[in-house]
Structure formats: C-alpha cells, structure tokens
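**Student:** mind looking at a prediction? Sequence and model below.
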Amino acid sequence: MAHNKLRFRSDGTFTIVQFTDMHIKDGIEPEKDVQTLALMQHIIASQKPDLIVLTGDVISSYDVEDPEGTFRRAIAGVAQSAIPFAVIYGNHDSEKGITRQRLNEISNDYANNLSEDGPEDIHGVGNYVLTVAGSMNEEDDAAVLYFFDSGDSAPESVGGYEWIHSDQVHWYCKESSQLAQKNGSVLPGLAFFHIPIPEYEQVWREGTSVGNKGEEVCCPKLNSGLFTAMLEQGDVMGTFAGHDHDNDYVGVLHGIRLCYGRVTGNNTYGELERGARIITLFEGKREFDTWIKVAEQI
C-alpha cells in the first residue's frame with residue numbers, strides 16, 4: 001500500500017492528535033459511543049492535525065458481538081477525515097473474537113492508514129516506524145515516530161500486564177541506528193505504546209510531574225529495558241501511553257518526557273473529562289509542545 005508521506009508544514013510544525021482508550025462497544029449504552037465519536041470529530045476539525053494516532057483499546061472486544069463492525073465504526077470518522085492515521089493496540093482490542101492482524105487488515109481498507117503489522121519474528125503486531133520528512137525536501141528525514149505493541153496480559157507465572165519484550169527493544173535499537181546512519185545524525189523522535197512502562201511510576205515519585213494521577217500506574221511487573229535503550233540511542237524525546245484512564249500527567253526522566261494521553265472514550269471507567277493529547281513537533285529542533293484538549297474547550 002502506498003503510504004501518505006508525512007511531512008513538516010512550511011511553517012516548520014507537525015501536529016499529532018493522540019486519542020486513547022476509546023472503548024467503542026456495540027449496543028451497550030450506545031449514546032456514550034456517540035458522544036465519543038462526536039468528540040473525536042470536533043477535535044480533528046479544530047486541530048487539523050498532520051497525523052492521528054490511536055494508542056489502543058479502540059474497542060472493548062470482550063463486550064461486543066461484532067468486533068469487525070465495531071472497529072470499523074470506531075475508526076470511520078478518522079478514516080473519513082483523509083488525515084493520515086496510525087493505530088497500535090491495547091489489552092482489550094483483540095481480547096475476544098478478533099486478532100490484531102485482522103484489525104490491521106480492516107485499517108488497510110482505508111487509504112490514509114499508516115499502520116503496519118511489523119516484523120513477524122518479534123513479539124506483537126504493530127511494531128513499526130514512521131518518518132516525517134522535512135518541509136523543504138521530502139527525501140530528507142526530519143523526525144521519527146516509533147510504534148510498539150505493548151501486548152495484553154502477562155503469563156500467570158508473572159501476573160499483571162505484558163511487557164515490551166527484549167526482541168522489540170533490539171528491533172528499536174536497530175531501526176534507530178539505521179536511521180541515524182542514513183541521515184548522518186540522530187533524528188528527534190517520539191514513541192507510542194498502550195501500556196505504560198515502569199518508568200512512568202518512577203517519574204511520578206520524583207515529584208516534578210504535571211497533570212493528574214488518579215490511579216496507580218498499571219505497568220508491567222518486569223522492566224525490559226526500553227527506556228534505557230531509548231536513552232542510549234538518544235533519539236526519543238517523549239513517550240506517549242494510555243491504559244490508565246485517570247492519569248494524564250507528563251514528567252521528565254533523564255531528559256525524556258513520559259506522557260500519558262487523555263482518555264477519549266465515554267463508555268468506560270474514569271473521572272477525567274474526555275479529550276485528546278495534542279503534540280506539536282518543530283522542524284530542526286529537538287523539542288515538542290504537548291497539551292490536553294477536552295470537549296469544553298472546543
């Protein structure tokens with residue numbers, strides 16, 4: 001499939017809207033899903049982003065009779081926007097009745113989808129890389145976006161949530177090094193995954209985070225070293241997770257900003273006002289701005 005080429009605008013900006021934990025269902029309190037999808041349309045229209053990222057739990061597959069139809073309904077507005085979009089999956093998307101591969105096949109029906117299955121020889125479906133070209137020359141990479149499948153449940157012997165496995169970490173390091181070699185320098189990068197890594201708890205404990213923490217950090221019990229790898233590679237400036245609906249804080253740990261999205265779905269738990277996280281990259285600079293957009297601001 002020919003992918004839309006991501007590119008910085010002529011003013012040197014590139015804006016991403018992160019929707020997370022939409023939890024679209026079919027037939028259970030449908031008015032809440034209507035509210036969620038309307039909210040997304042309002043935010044897309046008001047922000048006019050260059051890329052839309054869905055960071056998992058797009059649907060609540062355990063609560064639906066027709067997961068394929070529910071997923072199509074969940075992404076219909078995003079697909080119809082004609083704005084490039086990328087999806088990674090959470091612990092509930094393929095919990096029952098559908099696989100991640102099938103969800104990606106559905107996304108591939110839409111020309112503006114950039115999601116990929118990723119390498120078959122590592123854990124997960126949805127490990128892939130997107131580059132953002134410079135505003136003046138679309139042949140030059142100016143930024144990089146990494147997408148990781150953070151899995152779902154860990155084996156019973158461990159308990160809790162799955163971790164981003166060592167083969168995924170090695171894959172990231174290889175991709176990062178190849179891009180740095182190709183471009184003659186390290187690219188400024190962002191990383192997206194559904195389940196937060198353990199460093200999200202660490203950064204909160206340091207007491208300098210900004211935003212809400214209304215529940216515990218539901219991260220894996222095992223630390224597979226992704227954060228250390230990102231630190232050593234030197235490209236990732238910020239990471240973006242979902243999963244914990246009552247957390248939306250941002251904290252800086254060893255120079256990397258660990259960010260939660262804002263829960264988008266009305267048909268799920270959580271006390272925070274529903275919305276999205278907005279991210280703006282700046283061409284030629286190793287920095288980004290990010291903030292929350294909610295319904296009452298539209």
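**Tutor:** That came through, no problem.
**Student:** what's the separation between the residue nearest to the spatial centre of the chain and T36?
**Tutor:** Computing the C-alpha centroid of the chain and ranking residues by CA atoms, centre = their mean puts T55 first, at 3.3 Å. According to CB to CB, to the nearest Å, T55 stands 15 Å off from T36. (C-beta placed from N, C-alpha, C; glycine too.)
**Student:** what do you get for G134?
**Tutor:** 35 Å.
**Student:** so which of those two has more stuff around it?
**Tutor:** T36 (24 against 16; other CB atoms under 10 Å).
**Student:** so the more buried one lies in a helix, does it not?
**Tutor:** Yes: under DSSP: H, G, I helix; E, B strand; the rest coil, T36 falls within a helix.
**Student:** which residues touch it?
**Tutor:** Going by CB atoms under 8 Å, 6 or more residues apart in numbering, T36 touches M22, H23, I24, T264, G265, N266, N267, R274.
**Student:** with adjacent residues omitted, what lies nearest to the first one?
**Tutor:** Distance criterion CB to CB, 6 or more residues apart in numbering; nearest residue to M22, sequence neighbours excluded, is G265 at 4.2 Å.
**Student:** which residues sit in contact with that neighbour?
**Tutor:** Neighbouring residues of G265 by CB under 8 Å, 6+ apart: D21, M22, H23, I24, K32, D33, T36, D57, R274.
**Student:** go on, A82?
**Tutor:** If you count contacts by CB under 8 Å, 6+ apart, then A82 has N112 around it.
**Student:** can you classify it by secondary structure?
**Tutor:** Using three-state DSSP, the structure places A82 in coil.
**Student:** can you give me the end-to-end span of stretch 220-235?
**Tutor:** For stretch 220-235, the first-to-last residue distance is 24 Å (CA to CA, to the nearest Å).
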